[in-house]
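**Q** predicted structure and sequence below. I'll ask about it afterward.
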Amino acid sequence: MTRPLTLITGGTRGIGAATALRLASAGHDLVLGYARDAAAAEQTAAGVREQGVDCLTVRADLLETAGIEALFAAAAECGTPTGVVNNAGATFHIGPLSDTPVDVVRRTVDLNLTSALLVARAAVRALSTSFGGRGGVLVNVSSGAATLGSPGEYVQYAAAKAGVDAMTVGLAQEVAADGVRVVGVAPGIVRTDIHAEAGEPDRVERVGPKVPLGRAGEPAEVADAIAWLLSDAASYVTGTTLRVAGGR
Ligand code: NAP
């Protein structure tokens, strides 16, 4: 039996890294994409390999078309993928839309929606039986922001993630007959570096207590949901996004 082979974009830090470790424990070989932080990539890869599976890290900027092509070409060298976690994303900036620089609005939509669409396109070509693949699962990492709208924080990010949810609905129907399930997870506030990188390191402490469950989520709690969606236990689940947001 060959092991499942799963590609995770942004698989080296935060939710992606937790997902890598969770999937490694379930026997997946992994390809982990990242943009800049090589030390984090090596640390996550070492944790994955300790669990007895193979792991390749690939530095490739998803804001470049060539980066997406390079990532999937590297994965193809490892075998025929069975899963793709479309996870890389960023909020970049916190504040009202009217005060958000134009280039930040464009970059936010570019990474969180356009790159997510192009990763999904490449994923279908890697997984679909119509393209010579063995079928599989695409998990799109959205956000609770897609339905909350993120007023005063990042409306442009929420709008991009709403686009990701629409993509999950439509693409699932396009490829259902080709052995591919397309699903999403929509995390609420989760303890990762995404908040510090957008300029508010203490956002988890500010927002976490307002969540009905009374706290922020941990990356491993989102990883468990992604692992379930990738598994055969979710074999009749497609075209839907699972909220993992503590009731918010
Ligand atoms: P994170 O800790 O900041 O990690 C982001 C990962 O994406 C890193 O591996 C990073 O690589 C990679 N990445 C960023 N920009 C990239 C680019 N241009 N090309 C390639 N890779 C890139 O983020 P996170 O909090 O885990 O977020 C993961 C996903 O969950 C995102 O889609 C995010 O929108 C979503 N989400 C997060 C939260 C939350 O509260 N944390 C809530 C809802 C949804 P480097 O290490 O090289 O920078």
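**A** Yep, that arrived.
**Q** surely residue 192 and residue 15 touch.
**A** Yes. With contacts counted by CB atoms under 8 Å, residue 192 reaches residue 15, the gap being 6.2 Å. Just so you know, the C-beta spots here come from the backbone N, C-alpha and C atoms, and that holds for glycine as well.
**Q** the two: which has the busier surroundings?
**A** residue 15 (30 against 21; other CB atoms under 10 Å).
**Q** tell me which element the more buried one is part of?
**A** Assigned by DSSP states H and E, residue 15 belongs to helix 14-25.
**Q** in that helix, what counts as buried?
**A** 14-24 (16 or more other CB atoms under 10 Å).
**Q** same thing with stretch 187-204?
**A** Per 16+ other CB under 10 Å, stretch 187-204 contains these buried residues: 187-192, 194-195, 198, 200, 203-204.
**Q** now the closest residue to residue 27 other than its chain neighbours, what are its backbone angles?
**A** Nearest non-adjacent residue to residue 27, counting by CB to CB, 6 or more residues apart in numbering: residue 3, 5.4 Å away. Backbone torsions for residue 3, taken as degrees, to the nearest 10, come to phi -80, psi 150.
**Q** what's around residue 3, how many residues?
**A** Neighbours around residue 3, by other CB under 10 Å: 15.
**Q** could you do the one 4 residues further on as well?
**A** Residue 7 has 32 neighbouring residues, counting by other CB under 10 Å.
**Q** would you say it is within a strand?
**A** Yes. Residue 7 forms part of a strand when assessed by DSSP: H, G, I helix; E, B strand; the rest coil.
**Q** okay, and the beta partners of it?
**A** Listed by DSSP bridges, the beta-bridge partners for residue 7 are residue 31, residue 84.
**Q** with that, I have no additional questions.
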